[in-house]
Each structure stands twice: as C-alpha cells, then as structure tokens.
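Here is a sequence together with a model predicted from it:
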Protein chains: 2
Amino acid sequence: NLAEGFFFCAGYSILFAVFAAAVIVIWQPSAGGSGLPEITGFLNGTQVQRIFSLKTLVAKFLSCVAAIGCGMPIGPEGPMIHLGAIIGAGFSQASSESLKFSLPFFERFRNPEDRRNFISAGVAAGVSAAFGAPVGGLLFCMEEVSSFWSNTLSWQIFFCCIISTSTSDIFNSAFEKFQNIGTFGAFQTSRYILFNIDEGVDINILMFLPSVLIGIIGGVLGSLFTIINLKIHRFRKRKLAAITRSWLVKVIRLAEPALVMLFMTSFSVFLPMAFSCVPFQCMKGNSGVLSDNCANDTTNKYDSHYNQENIFPTCEEGATHLNGTTLLTNGTYNELALLLFSSKDEAVRLLYLRNSHYMFHYAPLVVCLIIYFLMVCWASGTSVAAGILVPMLVIGALYGRLVGLAMVDLFGVHLGDSYWNWIDPGAFALIGSASFFGGVARLAPAITVIMMELTNDLKVLLPVMTAVMVAKWVGDFFTHAFFHALLELKCIPFLNQQPNVRIDKRNVKLELFSAGDIMAFPVVTFDLVEQVSTLAQTLLDTEHNGFPVLATTKEGKKVFHGLITRSELLVILNNPDVFQRERTEPVEEPDLDIVPIGYDTLLRGVKKDEGTIRKFLSEFVDAKSKVKDRYIDLSPYVNQSAMSVPSKFSLHRAYTLLSALGLRHLTVVDKGNEVVGIITRKDLMGFNMVDVLGTIMQNRPDFQ
Amino acid sequence: NLAEGFFFCAGYSILFAVFAAAVIVIWQPSAGGSGLPEITGFLNGTQVQRIFSLKTLVAKFLSCVAAIGCGMPIGPEGPMIHLGAIIGAGFSQASSESLKFSLPFFERFRNPEDRRNFISAGVAAGVSAAFGAPVGGLLFCMEEVSSFWSNTLSWQIFFCCIISTSTSDIFNSAFEKFQNIGTFGAFQTSRYILFNIDEGVDINILMFLPSVLIGIIGGVLGSLFTIINLKIHRFRKRKLAAITRSWLVKVIRLAEPALVMLFMTSFSVFLPMAFSCVPFQCMKGNSGVLSDNCANDTTNKYDSHYNQENIFPTCEEGATHLNGTTLLTNGTYNELALLLFSSKDEAVRLLYLRNSHYMFHYAPLVVCLIIYFLMVCWASGTSVAAGILVPMLVIGALYGRLVGLAMVDLFGVHLGDSYWNWIDPGAFALIGSASFFGGVARLAPAITVIMMELTNDLKVLLPVMTAVMVAKWVGDFFTHAFFHALLELKCIPFLNQQPNVRIDKRNVKLELFSAGDIMAFPVVTFDLVEQVSTLAQTLLDTEHNGFPVLATTKEGKKVFHGLITRSELLVILNNPDVFQRERTEPVEEPDLDIVPIGYDTLLRGVKKDEGTIRKFLSEFVDAKSKVKDRYIDLSPYVNQSAMSVPSKFSLHRAYTLLSALGLRHLTVVDKGNEVVGIITRKDLMGFNMVDVLGTIMQNRPDFQ
C-alpha cells in the first residue's frame, strides 16, 4: 500500500528530524552545524564560546545520530570531527568545568598551545575514524583546520591517527550491526575500506581530458553550491531576525528540518514511480562487448545485494533458480529508487562500481543530482548537527557517472585488457566525487589522499589529482572556499596565512604600505604602577583585550615596556594581597621568588560571565570602596616578550608576524620607542584593509 | 669460465666507477653526494656555493648514470631530486650566469622567495618522477626539505607533481629500454608503479606485534647506519686532510669507488658459490598447506622471469616442457645470486613478492643484509653522485623478510582466506623497508605515502605507519636523523623549526632566558650618512653580512633605524653617482622617484669572488682615492622592516622569530631603542647555545 508506506516513512523521518533539531534549538545551540568553521576559527586564535563543552558533545552526538538515522541528506563526518576535537580539548586537560573536577595529572597540558594541539589531534582522529583514512586525516587537519603546525605535531598526530583508525577497524572487524561475527582482529578490506574498489582500471593518457572536464564541472558546481548555501543562510537569518517572538523562532527552526524530510520522503517515494523498472545487466567478460548471457547472474555484485532489501517494492521480485552452482534471478530494479532509498554510503558504493556501465542511465542520474544538490544546500544549514562530506561525494559521483555514461555512449563498452577499458563510469564517478570535494573545500593533497584511502584505488591517482586541481582553479575564479565563506558568515575573524586584499579587482601589494597606515590610535595604555580605580575604570570603559604598559626612562619619557591582557588584569584585581598603599617605583628585575600570584592562578578563575565581571569591577570604582586609592605594581606580570614594530615597518611583514606567530596585538612605536598605535587581528581583516588602504590610495596620487 | 667472468665484471664496474668519481673530483666537486643536505640548507636560508649551476647539473647526471650503471650499492633518487632542484632554480629565472644570457621574461620570479619556491617544486618533481609518487613527493618536500611553506605553495607544487609523474608515466607507457612498444598513453599499473603488488593480504590485529618489532629493528639499524656513515665520513676527511699533495688526494678519491666496486664484484661473484642451488617452489592454492605439485610451474612469477637471465650460471638450467597449456621447468636458482646480481629495483620487487614464503632462506638474507648494510654505508660517502633511498628499501626489505620468515617457521604457511594468511614474508619486507626509511630519515607521512604509491598496496597502511612510528621513536633515542647529521657534518648552519638545546641530558627551557643572554656585542653599526672610506674599511675588516643603521634623534641619541646588508653596500659603492661631496642630513621620507639605484640593480652584479671584492674595496680606502672623502646617504636603501626586540625579550620567542620568518639578523635594543646587540643564526646553533646558556646556568644558582 503506497499511501501507508509514505505516511510511515514520512512520520518516522519527521519525528527523528524534529528530535535532532530540538536538541540543538532548545538545549545546546552551540552544537549546531558541522562545527568545522568554529574549530578552524578557534585554532586560528579566536575564542569561540562553548564549542568544547561536555554538553555540546552529548548534544552533537544525539542530534547527528537522529539526523543521519532519519535519512536527511547530510553526512556524519563534520560532527565526528567536532566530537574528536571536543574529546581532544577535554581529555587532555583532565578537568571539566561542567563536571566540576580537576584531576592532578596532565597539568603540564593546561596551556593554550598544548590544548590547541590536542584539539588538532582530535580533528585528525575524527577524520581518520570517519573515513578510515589516517594519512588523509592528518593532511586534512594540516591543510584546512590548523593554523599553526610543526614537524613535532605532525608526528604526534600521525600516531593519534594510527590509533584512531586501528580502533575503529577493530570494532568493524568483529561486529556487524552490533552482532559479534567472530572475526575479531581480522581487518577485511571489504569491511574497513569504506568504498573498496576491487577491480581498478589501468588509466590512459586520454583519461585526462574527461578528468579536466569533470574538474571544470566540479569547480562550477562547487562554487554554485557555496553561493546557494550562503544565500539560504542569509535569507534564513534575515527572516528569523525579523520575528520578535522567540518561541516562534524556535518553532520555525524545529519545523525546518521536518519540512526537509517531508520533501525528501516525497521525492524518494513518488519520483521513482515515473521511472520503469529495468532488468539486471552484467558486464563481466573479456570479449569487449556486452555479455548478455550473465544478465541475471546473482554472482554479479549489485544483484544479490539489492534484490531483496533495497529495490523499491513496485519492481517485480525475480524468481530465482539454481543453474549448476550459480543462483540466477530474473528480477528488476528501479534506478532512482536504488539511489534515493539506500543510505548515502551505499549510494556512493553503487556509483563507484566498476564494470557496470549501464547500471544507471541519464534521467535517474540527472533527477537525483538536482534533488540532492538542492536538498543538501538546504539541509546543511538547518538546526541539526550535520556535515556535508558524504553528500559531496554523492553529488560528485552523480555527475561523474553522467560524464562516464556519455563517454560510454560515444566510444562503446570496452572490457578486459583493451586499450579503451579506462572508459568506466565507476572510475569517473570517483573522479567526480574528488572534483566536487575540491570545488567546495579547495584542498589538494588532503582530498587526494582521503579519496585513495576511501577507495583503495591508487590507479586513478593522477586523474583524481588533475580533477581536484582544475576544480580548485575554476572554483577560485568564482568564490571563496566553502568553509572560509562560513567563517565570514559566522563573523569569526580568521587571519589567512597570506594577506589577500583586492581593491578594484586588483591585488593590493601590502609591501607598499606600512604598519602606521593600518594601526589603531590613540592607544589605551597603563603605567607600570597604576591606581586600582584607574585599572577598573579603564576595563569598564573599553572592550580592548590587550593594553601596552609603559615604563618611564631617565629622561622622563614614557616608552613601551610590554603588554598586559584584560584577563590577567582581572585576576590581579581579584588578589588584594598585591595592592600597595603607596605609589612605589616599579620592581626593576622581578625575582621569581617574590611573584605574589603564581602562573597557575593567573590563568584560572578568569572565565566569568559579562555581568559578574562588570559588577566586580564597579566595586573598585565605587566611592565607598576601601581599596580604590591603592596601587598595583604591574611589572611582575607584564609580558615583556610582546612584539613591537616601528610605524615605518612594512604592512606585509606586520601581517606575516601576526599570522605566523599567532599574535593578537602588535604595538606600533616611534623611533624613540614611544607607543603610537596598536594593530589587532580585526584591523587586518579583509574588509577593514580594503576600507583603510582604499582611502590612502585615493589620496596618494603615486598609487594611481 | 669463472675467472674470466670475474675479471670482465670487475673491470667493467671499476671503469665506470672511476669515471663517475672523476667527473666529481676533477671537474665539479659541488655535484658530489646526494645534494639533499645542501638543498635543505639553502631552503633554510643558508647560501651554499655553486649547487644550482649548469655544470653541476651535467656533472651530477653523468656521475649518477655511471655509478648506477656499474652496480654500485647506491640509488639514483637523491641526485634526481638535486637535478629537479637545479632545473627549478634555473628555468624559473630564464637566465644563466654560466651561459651568459638573461631572457626578458620571468623577471618577476627573480627574487629569493620565488626562486626558493621553484627549487622546492623541483625537489618535489624529482621525487615524483623517481618514485612515481606525486603526493609522496609533495609531502617529502614539505616535511624534509622545505623550511617555509604556505598553502599556496602546496597547490603549486601539487600541480608540478601531477605534471612530473604524468610525463615520466607517458614515457614509461610507450618505451621499454628505448624501444617503442606501441602502447603510447596506456599507463599499465605493472609498469608505472615501481614495486606493484597485485595480491595484497588482508591485515590482522596480530600483525601489529611483528610490525612493532620491525620498527624497533628499523630504529636501531637506522641509527647504526647514521653513526657508521658519519664515522666513515670523519675518518675519510681526517685522513685526506693529513695528505699535503693535492694530486694524491685526488687519486685516492678516484680509487675509493673503484675499491668499493672491487669488493662488491668479489662478493657478488664468489659468495653465491657457498650456497647451493634450490628448486623453484610455488605457494599458490587455498589448501592452507604448501602445494608441492606446482613446484616447477612457470606460471609462478619469479620462475619464468629469472630462469634465463639473472640466475647465476652455475645453477643448472631447467629443461622446459609443455604440460597442457602450462610451460613447466625443473630449473633451480641461487638465492644469494638472485639478490646480489639483479638490479636493486629488481631485488626489492623480489623481496616484496607475496605468496613466496620460502623463496629466500635465512643464510642468504643475513649475508646479503650484512654486505649491503656495510657497503651502502661506505659507498654513499664516496666521491660520486649517489643517493641512498633505494638501498634503504633493500636493507629494510631484507630484515623485514627475515622477520617474516621467522613468523612462517613459527606459525606455518597459510594461504587463501585463512585467518592467518597475513603471515606473508613479502608484506613484512615492505614494512621493513618503510621502517628502515623511517629509522634513517625520521619522516612520517611522507614515507607512508611514498611506500603506498610505490607498491599500490593500501592494505598494509596501518602496519607500515606503526613501523615507521616506532622506528622514529627508537631512532631518536640514539641519534639525529641522517640528513640532519649530514647538515652538521657539512657545517651548514641549519635552524630547526623548534629549538632543541640539551644540557646535562635535559632539555633547556629557552623561555627562561632572554635575547640579551645570547646576543653578540658590541655591534658594528653605521650612521645614516657615512663616509665612503669608512664603509669600505668596515667591509674589509669584518665578515658580517648585516649592519644596523642608526638614526639620530632630536635629543642626539643614536637609535636603531634599520638594517643594511653587505651585498647592498657593495652595489651602492659600485655606483659613484650616489656619492655626495658634503655630509648632508639624511632624507626623511625617501620619495620613490628619486631613488638613484633601482631595485633590479641592487640585486644584480653582487656575485663576485672574494679576491675581486677585496681589491674593489681597497681602492676606496687607498690614500690616493679621489672619492674616499665623499659621503653616502644610506636612508633610501635601509631596510626599515628589519626586526628588533628588547634585550628582555624571551629567547624562545626570538628563536621562533628567526626560524619562522627566516630572518638572518635580529637586532637587540634597549628601552630607548639604542642598539645593544645582534642575534644571527650562528648564535642560535645548538653547540653555541649549549656553551653560552650552560655558563649562565652555572653562574645563576636559581637554575640548579
């Protein structure tokens, strides 16, 4: 009964979709999306709230499982990466703010650098486990997620990836759907390599031509994907912002995934009816032509598998009979149902199948491509924990197979050791996946290695590399990489390794400008010995995170001495022991023994919410405060290794300094070391540089 | 006739070996060795003479071809990487000093950064072509050779590697030993994947145990290899330095490779006689036991191949007869002869062969391992162009197969789909190769990817990663990485990404020291306007490459303004147009229009030999010189983006600055911006830091 089937499917899907969204919308909003932009931003040096909390971990897991389970067109890889990062961030600290414990070990890892490295390791472990791709995970982390990398880290993460992949392989080896299948420890290729390809084809120099074509399609579709995705994002944001009642916003955000699933279910159930069922065809043999005699052979892989379970029931079930030792069937299958109804992993595996030239025809592939492309664009932005990696593989495989099918129609079916047997739609589907991945994410070595580790098919390495390369070039012509566009959308100030400022469609040479051109001024500074009330008032009045501290020279000039951060000042103010009644000379050479606040304390207790901090600070400026006239000698706490540059310093080099060393503040001084300005990462964001440098270029005729 | 054979072999080998050495010793000494340390040093920021000249290219090619041709135990990969680097350095400039031309295009690449990037690309292309490993080439360049890397460079080199591998594959596809075999463009796996493995085995969790063992052996032998190699190097250097007659030195350096070849030939010819010939054995079948009935089957790969050509003639040639469609032979082969007489590539392929459990037995493997290990140690340091990559693979494969053989003896022969069929000596040989590579070079992702691309066997990825990882850990316990040890041996001041200073077997925390602790002082400085004779005299008296330039403030204090290099000063002195008769005030804001020497000119004409430069400078200080009392205003030429740090600046951060930004000089200033010292990369070399910081630690009780 069709209507009954539809309502069961739709109801089931919508229920899970609403649950997946509810976890995010009602309980933990920071667990939404893939989490990749937030992690990338954090590793670049931006503080993003609550992305590494235990609650986020639980919410992410529940939402992702529910969303994948109901068949939404999204992938679990992004969330798995985020889960890995949370585990890396949490376990390495052996302490938790939510659970209120702090174990006595791993104390040496409780610093920003080690925490960052553990998060990188978690990201890599996530990719390794999700794809069974240890080297790919390492490279993905290095190329896309991390902003700081060293050879030591590379080793450490390499080890982490071995462990991660081995662990997931061990579970894979022993269990099939939670059933122990008694082969503990035997890693079978067909089980632990996600899209294992047994019969790779030898490639040919001519294969590069369709690979370039696929690369171009990948670049164009990848950019289109990014653009549509952003437009939907912005549209949703605008509409939701216009609604004033917050419960209504929540209802809409819950309803959206349900709507996605209603559409998806309708497509999956009704669209295949427009396509007739086709008989199984087998392409095996060395004759060079289509071998009809094995058309119904169940030794054919895709027959025996999909005969019973996945073929839509409107197709006639085949009658099976034994012919010698071979089980034969005369069943049929519906191409579109096969693609839409099976899981995404299964769909990718089917599209990659070799020697299956006419398994899918144009119409089902095109219909599926359009549905998938649009639904993934939409679904990936809804309020569920969702990644797009596997959907990207499906979309790429669909148009790759289309190109392959066209090649087969043009040049015929070639099998066996022929010079032309590289024309295999399965191989082109793989190349297509890589190209779409490349067109969206714009990574090179990482994608190539991940594709190889996913498929175990090293033979198509060169065409895959070519397609990825072309897709990146074509894509860069139209728009940013998808994940970087998301960073901008989420207002995360990400500092690229290389500056990229374009004014009037031309790259601006930052060498021609100086640090003084972009710096912010006047700068809020402190003297080495300051009054408590001045400190508190300044912290209340400004939102700066770093303050240059000035020393006074013998000539009475105030020169740059070092930098102190807002959070350090908050901790110092929290320790009345260090307040002095009189203004003293600053300690010249702070002895390690007499520092009244240890480094441990300096970092702790800083995290408080905005309101509490304001209340705490207000007490110091209150007229009734007993300590407001006391003084603090900041000299033991000032970071004397804070960088400063002269105002004539090249802007390009200043940018490199901030990005390569991960600095947050760069003080600008004049010849006599007096502070004239400060550069923070916000000053170096693209839009700000275009503004400031554009004005300078208009006013200086020599730039024209 | 044995004697005749020996003399023919020995004579032929020695002739080529002497030729290979003569090219280096007599013609172009800079082409000796693998070239890797020199390139690594250059890309780290050290100038190495003549390594990128056209003569070096020709000499390297000739010497390498002759040395490989005569069967020396060395590999062609190091030289191929060097050739790639030379091509990258030369072609990108479209100009040559040897050939005296400078084409009008590619001018924008004539700067140090682009040249460096092209050299990196050349290195990657060399690896790609040598191994057919495009991704491996990229990673090798990134992990081992390059010191500066960006995502943009990663893309560019990715593209370069595609082209490099495709080109060599195209030639491979069409030609067999210079014969056109009519398959142009069809890339057959068996031809373009160097050590292609058809029948990989599914791995098992138990496989990690022997992999760890192999990793330990790899680490120990890798360190031993490095240590013996360095000892031979130092011994040779000491002995040759003691000889005063230069012709005798040359003769000895010519004789050394000849001696190597005499030994090698003697071993290859006479040692196999100590081993009896054994019949071919075939292991195919699913029965789980050794299948005797196919013992002489020529369908067995290593039979038909090696029967006629490579088996040492003292073994009886088999009589062949047809049995149905199968050609059978009852021939025998000599295991040691097979290993020693075939080319190194062929030996690796044989050792990697799957399902060939008893192809080699203990004695021949051990003998071959000892000979190879020692001879490679010796040969790689002689005066020929030689790499050690393929020899490393052979050595690793030998002990890997030994471990595999022991496993087979312990647990029996398992074939087919058994739970134990992972016990295959061929698979362990592959893991062994990776572990020795790891133990010597201490790279991780690069080696893993290269091994996968070399063998097309992704199934053993995890054991290979484990072995590489363990080998690196064990190796690091004993000694440096081989290529880094060579850098020290060749006195190339290489600045590691991370400082590693060990005093009393403990890592020194550079955070506890400041820039002032390690800086050199007093500093030779210039004023903005200087007398010609002062400049010339200073350049004659010192060997410094960079000089801080001081500006005078209104208060009359001399403060740090910027840096000027020796080569810039030489070019300025070469342009008498800029000399002034009077001492003027320095130009405050140098206008771009009035700079008398263009940037092009500033970089050109600098390269002259030491003697000419001294003569040129002496003319300025000569009493008769007309221009010695003239002045030069340096302000338009001073690099105002030179970094300076206060003397309290953390030493760790100063180190990071120099290494991450590739600086050569870091000026140290006091609070008032007056110059108090300078740090160059030589100050940050390990031995110097140990000296200076060790003294400080002894004098400061708080460090104890």
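In hand now; what should we look at?

so which helix or strand takes in the nearest residue to A:V668 once chain neighbours are set aside?
Leaving aside its chain neighbours, A:V668 sits nearest to A:G677 (4.1 Å; criterion: C-beta to C-beta, 6 or more residues apart in numbering or on different chains). C-betas here are computed from N, CA, C, even on glycine. Applying DSSP states H and E as the criterion places A:G677 in strand A:675-680.

For that strand, what is the distance to the chain centroid?
Here strand A:675-680 is found 33 Å from its chain centre; the criterion is C-alpha atoms, centre = their mean, to the nearest Å.

after it, next one along is what?
Where DSSP H and E defines the elements, the next helix or strand beyond strand A:675-680 is helix A:686-699.

Show me the shaky parts of the stretch 601-704 of chain A.
Applying pLDDT under 70 to the stretch 601-704 of chain A flags residues A:601-608, A:701-704.

Alpha carbons of stretch A:116-125, as PDB, please.
C-alpha atoms of stretch A:116-125 as PDB (Å, rounded to 0.1, in the frame of the first residue of the first chain):
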ATOM      1  CA  ARG A 116      45.300  23.700  20.700                       C
ATOM      2  CA  ASN A 117      47.500  20.800  19.600                       C
ATOM      3  CA  PHE A 118      45.200  18.300  21.300                       C
ATOM      4  CA  ILE A 119      42.300  19.800  19.500                       C
ATOM      5  CA  SER A 120      44.100  19.400  16.200                       C
ATOM      6  CA  ALA A 121      44.800  15.800  17.100                       C
ATOM      7  CA  GLY A 122      41.100  15.300  17.900                       C
ATOM      8  CA  VAL A 123      40.100  16.700  14.500                       C
ATOM      9  CA  ALA A 124      42.600  14.400  12.700                       C
ATOM     10  CA  ALA A 125      41.300  11.400  14.700                       C
END
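
in it, what's buried?
Using 16 or more other C-beta atoms under 10 Å in any protein chain shown as the test for burial, stretch A:116-125 gives A:116-125.

picking up where we left off before, now for the residue nearest to A:V668, how many residues are close by?
21 (other C-beta atoms under 10 Å in any protein chain shown).

in the sheet, who's paired with A:T565?
A:G546 (DSSP bridges).

Now for it: which residues touch it?
A:545-547, A:639 (C-beta atoms under 8 Å, 6 or more residues apart in numbering or on different chains).

A:I572 versus A:Y631, what's the distance?
12 Å (C-beta to C-beta, to the nearest Å).

what about those two, which has more around it?
A:I572 (23 against 19).

Tell me which other helices or strands the helix or strand that one falls within touches.
Assigning secondary structure by DSSP H and E places A:I572 in helix A:566-573. In terms of contacts (3 or more C-beta pairs under 8 Å, 6 or more residues apart in numbering or on different chains; DSSP states H and E), helix A:566-573 is packed against helix A:532-541, strand A:546-552, helix A:599-603, helix A:610-621.

Can you report how many residues lie near A:Y362?
For A:Y362, the neighbour count with other C-beta under 10 Å is 12.

Was I right to think it contacts A:V403?
No. A:Y362 lies out of contact with A:V403 (C-beta atoms under 8 Å); the separation is 11.1 Å.

in stretch A:51-63, what's buried?
A:51-53, A:56-63.

What's the mean pLDDT across the strand or helix carrying A:L224?
Per DSSP H and E, A:L224 falls inside helix A:208-242. For helix A:208-242, the mean pLDDT works out to 94.

so does that helix get close to chain B?
Yes. Shown here: helix A:208-242 in contact with chain B (C-beta under 8 Å from any C-beta of the partner chain) through A:F208.

go on, stretch A:32-48?
No. Judged by C-beta under 8 Å from any C-beta, stretch A:32-48 makes no contact with chain B; its nearest approach is 12.8 Å.

what's in contact with that stretch?
Here stretch A:32-48 makes contact (C-beta under 8 Å, 6+ apart) with A:24, A:30, A:51-52, A:60, A:63, A:78-79, A:81-82, A:85, A:116, A:119-120, A:123, A:144-148, A:380-381, A:383-388, A:483, A:486-487, A:490, A:492-495, A:662, A:664, A:681.

What's the ChimeraX line that selects buried ones from the residues you listed?
Here is the ChimeraX selection string for the buried members of the contacts of stretch A:32-48, based on 16+ other C-beta under 10 Å:
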select /A:24,30,51,52,60,63,78,79,81,82,85,116,119,120,123,144,145,146,147,148,380,381,383,384,385,386,387,388,483,486,487,492,493,494,495,662,664,681
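
Restricted to helices, list the contacts of stretch A:32-48.
Using DSSP state H, the subset of those located in helices is A:60, A:63, A:78-79, A:81-82, A:85, A:116, A:119-120, A:123, A:483, A:486-487.

Quick check: phi and psi at the residue of chain A most remote from its centre.
Centroid-distance maximum for chain A: A:E555 at 53.8 Å, with C-alpha atoms, centre = their mean. Note on A:E555: its backbone torsions stand at phi -80, psi 0 [degrees, to the nearest 10].

distance of it from A:V523?
Using C-beta to C-beta, A:E555 is found at 21 Å from A:V523.

and what of A:A67?
Distance from A:A67 to A:V523, by C-beta to C-beta: 48 Å.

hey, which of the helices and strands packed on helix A:566-573 is tucked in deepest?
Ranked by mean neighbour count, the helices and strands packed on helix A:566-573 are led by strand A:546-552 with a mean of 21 (mean count of other C-beta atoms under 10 Å in any protein chain shown).
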